[in-house]
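Using only what follows, build the 3D model:
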Amino acid sequence: MSEIWRWSNLLVAFAMELAGYAAFAWWGWEAGSSTALRLVLAVGLPLIAAVVWRLFAAHANAKYGNPVVKAIVKVAFFGLAGLAVWTLGHPVLAVVFVLVVAANLLIIRTGDLTAGVAH
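Below is the predicted model of the structure:
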């Protein structure tokens, strides 16, 4: 896999992770009934997600992650983030988010999919 292709896909993966945190914050803000609860949810949900990600799914730094646990946490994280966006009334954005994540993870997992293709 070329270095540009590899780093581009890792950048997209990082951007999708940040978008997931943003989705949790957005959902938390909208779900709260008071300003105090909105702040707690908007800050707390992404923080909990970040701790779980760091412990179980972070690329090279996961303290407790094995391949199966990493996959489960990633599916849960991105699936719940997509569901959060969907419940906020943006189903198209949610589907696009999940499809970009799935395509990106597939590309990263399988390597350079253009290998062997005539240019």
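
Could you say which helix or strand holds residue 39?
Assigned by DSSP states H and E, residue 39 belongs to helix 35-56.

helices or strands next to whichever helix or strand comes after that helix in the packing?
Counting by DSSP H and E, the next helix or strand C-terminal to helix 35-56 is helix 67-87. Applying 3 or more Cβ pairs under 8 Å, 6 or more residues apart in numbering; DSSP states H and E, one finds that helix 67-87 contacts helix 3-31, helix 35-56, helix 91-110. C-betas here are computed from N, CA, C, even on glycine.

Just the mean pLDDT for helix 67-87, thanks.
Throughout helix 67-87, pLDDT has a mean value of 95.

in that helix, what counts as buried?
By 16 or more other Cβ atoms under 10 Å, the buried positions in helix 67-87 come out as 70, 73, 74, 77, 78, 80, 81, 82, 84, 85, 86.

who's in contact with the third one?
Contact partners of residue 74, counting by Cβ atoms under 8 Å, 6 or more residues apart in numbering, are 57, 105.
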